[in-house]
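*Asks:* coordinates only, no sequence provided:
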């Protein structure tokens, strides 16, 4: 585990949090969790960085209770750990959790594809999302592509009628997502490949080619295995 960052990194976190407003009409703990989870996945909060519960509550203008709730969820996800005499720090990427997450995600997405092929759904709704993916690819913007990729797969689950299952999968796919950000930073052609895979999948779904779609989604998810293997443990901090 890398050493925790020094106090100046807390200022960086303050800058990150200052750009986000908490919606008081919604559950605050869930919003704090989503923010910190995203920062960890996008590598804006790096392995070993110390994150202080009281500071986060102050920067977001909330009580410590919802922050503590968010911490518990992050610890359950394996994204935050507690170190003696240090406190809470961002964990290293867990390779075992990557493998576990891929297995679960593959099973879920194959079911999503099967359900879509069995029903009449409006696939034209993907037009705007695919256009945004294309822009991200043209600009080699791995972070924006990641965000649009997440929206793409959520829409698939929504069309299949199981959006809650996709949201539940977030806890098991967090380490996959962290690895994906590192992969796309080191293998810039990967987002081009992923975008092409999305286009082929939508085409297969439009033509109700169930077997082809199932093969495509399996290959799309399993590609993460080979991508991660191309990156050294040092680059992934695992």
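*Replies:* Great, that's in hand. Nothing here was measured: the structure is a model prediction, and the numbers come from that model.
*Asks:* what residues are up against the residue nearest the centre of the chain?
*Replies:* Computing the C-alpha centroid of the chain and ranking residues by CA atoms, centre = their mean puts residue 177 first, at 4.2 Å. Contacts for residue 177 were tallied using CB atoms under 8 Å, 6 or more residues apart in numbering; they are 41, 146. Bear in mind the C-beta positions are built from the backbone N, C-alpha and C, glycine included.
*Asks:* and residue 213, by the same measure?
*Replies:* 113, 116-117, 201, 204-205.
*Asks:* from residue 190, how far out is residue 65?
*Replies:* 40 Å (CB to CB, to the nearest Å).
*Asks:* go on, residue 88?
*Replies:* For residue 88 relative to residue 190 (CB to CB), the value is 32 Å.
*Asks:* hang on, the earlier thing: how about the residue nearest to the centre of the chain, phi and psi?
*Replies:* Here is the backbone geometry of residue 177 (degrees, to the nearest 10): phi -60, psi -40.
*Asks:* then residue 89?
*Replies:* phi -130, psi 160.
*Asks:* quick revisit: comparing residue 65 and residue 190, which residue is more hemmed in?
*Replies:* residue 190 (19 against 11; other CB atoms under 10 Å).
*Asks:* per-residue pLDDT, the residue nearest to the centre of the chain?
*Replies:* With respect to pLDDT, residue 177 scores 89.
*Asks:* could you shift the numbering so residue one becomes 14, and keep it that way?
*Replies:* In the new numbering, first residue 14, that becomes residue 190.
*Asks:* can you give the contact residues for the strand or helix carrying residue 110?
*Replies:* Using DSSP states H and E, the element containing residue 110 is helix 108-131. Applying CB under 8 Å, 6+ apart, the contact partners of helix 108-131 are 91, 166, 169-170, 172-175, 178-179, 182, 185-189, 192, 214, 218, 221-223, 226-227, 230-231, 233-235, 237-238, 241, 249, 251.
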